[in-house]
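>>> Pasting the sequence and the predicted model now:
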Amino acid sequence: MTLLKRFDDFLDGFEFRATGKWFVLSGMVGTVAGLGAIVFQFLSQLVVHYTLMKFAGYSPAEAGGEHSFFAHEVGVFSPWMIVVVMTAGGLVSGWLVYTFAPEAEGHGTDAAIEAFHQKGGAMNSRIPLVKTVASAVTLGTGGSGGREGPIAQIGAGFGSFLATKLKLSARDRRIMLAAGMGAGVGAIFRAPLAGALFAGEILYKDADLESDVIVPSAIASIISYTVYSLSLPESVRFSPLFVDSQGENLEFSMGSPLELIPYSFLAIILVLVGIAYIKAFYGTQNLFKKLPIKRHFRPAIGAALAGFCGLGLFYSMGQDHNSLAVLSTGYGILQEALTPGSTIGIELLLAVALIKIITTSLTISSGGSGGVFGPSMVIGGCVGIGVGNYFHYLWPEIVTQPQAYGIVGMAGFFAGCAHAPFSTIIMVSEMTGNYNLLLPSLWVSTLCFLLCRRWTLYEKQVSSPLESPAHRGDFIVDILEGSTVADVYQPEREILSIAESMSLDDIVHRLAKSDQHYFPVTNTDNELVGIFSEDDVRAYLYDETIWKLAVARDIMVTNIVSVIPQDDLNTALRRFTASNIEELPVLDPEDSTKMIGTLQRKETIAFYNRRLMEHKQSIEDD
C-alpha cells in the first residue's frame, strides 16, 4: 500500500467537511507553498548572481527586508551587457515555457483564476515546475515582473495535484487550488493575512469574496509564511519587506483630515495610470501575438526591447542607477524613496513609473514569465511619492510626510487594477509594517476600485459567483458542464463568405443557390469584418433600384456575436437567447478575424437533449 493510499484511508476517518481534514490538507499545501517560495527566491538570486552580476556588473537593488543567499560580488559595470543578458534570459524562458508548458506563459495568477472558474480547479502538474524555473530566469536576468505569479501557481498547482490524487470533488479541488494561491502570496510577501484574503477576493471583478476558501487559505498562508520565514536570518525573519534606514518598520501617519483632499487627487491620477497600464499590457500582448515568428522567440524580443528602454532612461537621467528600477522587480527605488529624507526627485519617480509600464508589458506580454503585482507596487508607489512631494511643496503645513503617499499609492493602484481593495490594503500594510495609514489607504483604494470598474488586470476574473461556472451546479444539475463548442460544431462544414464590395445583385443570386442562413463578410485580406443573414437581405428584395448600388458592406452588421471552440455550451446558449439568432460564427481563438465554422442553435439543443437522456439513464442505472 502506497503512502498516498494510507493517507487517503486516514482522511476517510474524518467527516467530509471536518475541520481536522481541512487543517491537514491546508497544512500540506502551505508547507509546499512555503518551500516553493524558498526555492524560487534562491533560484532567482542564483540567476542574478551568475548573469547580471557576473557579466553586466549590475545587482538590482532590493527591499531592505530581503535576505540575500549570495555575497554581492559584482563585476565591472557594463550597461549594454544588461540587454545581452536579458535577451538570453528571454530565449531560455521562451524555450522552457513553450516547449514544456505553454500555459505557464505570462502572469501566473490569471491562469490560476481561470482554472478555478473554468476547469474545476484542475491544473497541469508540469506548470508549477516550469513556471518556477522560467520566472526565475526572467526576473533573474533583469526582466520586469513580479514574484507573486509563479509562487501563486506553485501553491495552486500543488493544491490541485493533491486534490486530484486524493480523488476529491471539483469543489474541494477549487478550494485547495485557491488555498495554494493564497499561501504562495502570503509567503513571498510575508503577508499571511493578506494572502488568505487575496485568494478569496482576486477571483471576482465585483466586490465579492469566495467565502469557502478563506479558512483553508488562512491555514495554508500561515503555514507557508512560517516555513518561508525559517529560511531567513533572525535579523529579518519577522520584519516586513520595506523598512527604514535602521531596519525598523516605516512609521508614517495621516497628519490632518484635510489630507483626504490631496489623497483624492492621488486616486484620480492612479486610475488614469492604471488604465494606461492595463491597456499597454494587453495591447502589447496583442501585438506580440501577431508577430510572424515562432512564439518561442517572442520573450527574447520583449526582453531586449525592455532592456533598451531601461538603458534609455538610465542615460537620459544622467546614469542614475535608480532609473534601472524599470528592470527586474524594481523594489530598490521604492525602498530608497520610502526612506525619510530621500532625495529622489519627482521627475525620476514619475519617469520610472511610466517606463515600468512599458518594460513590464514588453517582458510579460511577450510571453515572458512573471507576475504583475510587483510592478504594480513600484508604479503605484512611485506615482504616490511623486504626488506626495508635489503636494508637500504646495501645501507643506498639511502634507508633512510625502512618503506616506507612496504606501497609499501602492495600495490604491493595485486595488483599482486588480479589483481587490481589501486584500491589497492589508498586504501593503504587512509589506511596510505600517498600519497607521489604513484610513487614507481605504479611501484611495475604494475610489480607485469604483473608478476602475471597467478595466481589470486579470482578464479571467468573472463579475460574481453567479457568473462563475464553478457555482453553476450549486442549485441545479448542469447537463452541459464540461461540454464546449468544439464538441458540437462541424469544422468541415463549408462556409460561403461574401466580399464586402460584392453588390446586392450578386448577393441575391448567391443566396438563391445556397442553403446557408448567415454569411460572413470579409475584406481584401480575407479578414472577417461583419456578418449578415437572409433576413437582412430580404428587406431589400422589393426595391430593385438599389440592387446595383448597395454592397455587402451596407447590409452587414459589425457587432458580431460569436464563440470560439473552447467556449462552454452554456455560454453559447446564452448568446443564442440574448441575440435571438439561429447560428453563431465560430472564430479562431488565435485570430479573431478568421472564421473557422458556425454553431447552429438546433444542433446545440439536440446535443443538450442527448446529454439529458444520458443523465436520466445514468440515474436509472444507479
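Sure thing, it's come through.
>>> Any idea how many residues pack against residue 606?
Applying other CB atoms under 10 Å, we find 12 residues neighbouring residue 606. Any C-beta I mention is one placed from the backbone N, CA and C, and that applies to glycine too.
>>> So which bits of stretch 62-79 are buried?
By 16 or more other CB atoms under 10 Å, the buried positions in stretch 62-79 come out as 62-66, 79.
>>> Let me see the mean pLDDT of that stretch.
Across stretch 62-79, pLDDT averages out at 82.
>>> for that stretch, how far is the first residue from the last?
19 Å (CA to CA, to the nearest Å).
>>> so how far is it from its chain's centroid?
Relative to its parent chain, stretch 62-79 has a centroid offset of 28 Å by CA atoms, centre = their mean, to the nearest Å.
>>> cool, stretch 578-588 as well?
That offset, for stretch 578-588, works out to 28 Å (CA atoms, centre = their mean).
>>> contacting residues around that stretch?
485, 489, 491, 517-518, 520, 528, 531, 533, 560-565, 572, 575-576, 594-602 (CB atoms under 8 Å, 6 or more residues apart in numbering).
>>> Need the buried residues of stretch 62-79 in a markdown table (columns: secondary structure and distance to residue 92).
A markdown table is the format used below for these (DSSP: H, G, I helix; E, B strand; the rest coil; distance: CB to CB, whole Å):
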| residue | secondary structure | distance to residue 92 |
| --- | --- | --- |
| 62 | coil | 22 |
| 63 | coil | 26 |
| 64 | coil | 30 |
| 65 | coil | 29 |
| 66 | coil | 24 |
| 79 | helix | 21 |
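>>> Now for those residues: which two are most distant?
The span of the buried residues of stretch 62-79, defined through CB to CB, is set by 65 and 79 at 28.1 Å.
>>> then the helix or strand hosting residue 409 to PDB, C-alphas only?
Element membership of residue 409 [criterion: DSSP states H and E] is helix 404-418. The C-alpha atoms that make up helix 404-418 are tabulated as PDB, following Å, rounded to 0.1, in the frame of the first residue of the first chain:
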ATOM      1  CA  ALA A 404       3.200  58.200   3.100                       C
ATOM      2  CA  TYR A 405       1.600  58.800  -0.300                       C
ATOM      3  CA  GLY A 406       3.900  56.000  -1.600                       C
ATOM      4  CA  ILE A 407       2.300  53.400   0.700                       C
ATOM      5  CA  VAL A 408      -1.200  54.600  -0.100                       C
ATOM      6  CA  GLY A 409      -0.300  54.700  -3.800                       C
ATOM      7  CA  MET A 410       0.800  51.100  -3.700                       C
ATOM      8  CA  ALA A 411      -2.500  50.000  -2.200                       C
ATOM      9  CA  GLY A 412      -4.700  52.200  -4.400                       C
ATOM     10  CA  PHE A 413      -3.100  51.400  -7.700                       C
ATOM     11  CA  PHE A 414      -3.300  47.600  -7.400                       C
ATOM     12  CA  ALA A 415      -6.800  47.800  -5.800                       C
ATOM     13  CA  GLY A 416      -8.000  49.600  -8.900                       C
ATOM     14  CA  CYS A 417      -6.200  47.400 -11.500                       C
ATOM     15  CA  ALA A 418      -6.900  44.100  -9.800                       C
END
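>>> following that helix, which helix or strand shows up next?
Next along the chain after helix 404-418, taking DSSP H and E as the criterion, comes helix 421-432.
>>> Now do the helix or strand following that next one and helix 404-418, the angle between them.
Using DSSP H and E, the helix or strand that follows helix 421-432 in sequence is helix 438-451. Put simply, helix 438-451 runs at 30 degrees to helix 404-418, going by axes from the mean of the first three to the mean of the last three CA atoms, to 10 degrees.
>>> In contact with the residue lying closest to residue 267 once chain neighbours are set aside, which residues?
Excluding its sequence neighbours, the residue lying closest to residue 267 (CB to CB, 6 or more residues apart in numbering) is residue 447, at 3.8 Å. By CB under 8 Å, 6+ apart, residue 447 lies in contact with 264, 267-268, 271, 412.
>>> Return the distance of stretch 492-512 from the chain's centre.
42 Å.
>>> Could I get the buried residue list for it?
So stretch 492-512, judged by 16+ other CB under 10 Å, has buried residues 498-500, 502-504, 506-507, 511.
>>> Same question for stretch 398-407.
In stretch 398-407, counting by 16+ other CB under 10 Å, buried: 399, 401-407.
>>> and which of these is nearest to residue 345?
residue 402 (11.8 Å).
>>> pretty sure the closest one belongs to a strand, no?
No. Going by DSSP: H, G, I helix; E, B strand; the rest coil, the assignment for residue 402 is coil, not a strand.
>>> Looks like it contacts residue 391 (just checking).
Yes. If you go by CB atoms under 8 Å, residue 402 and residue 391 touch, sitting 7.2 Å apart.
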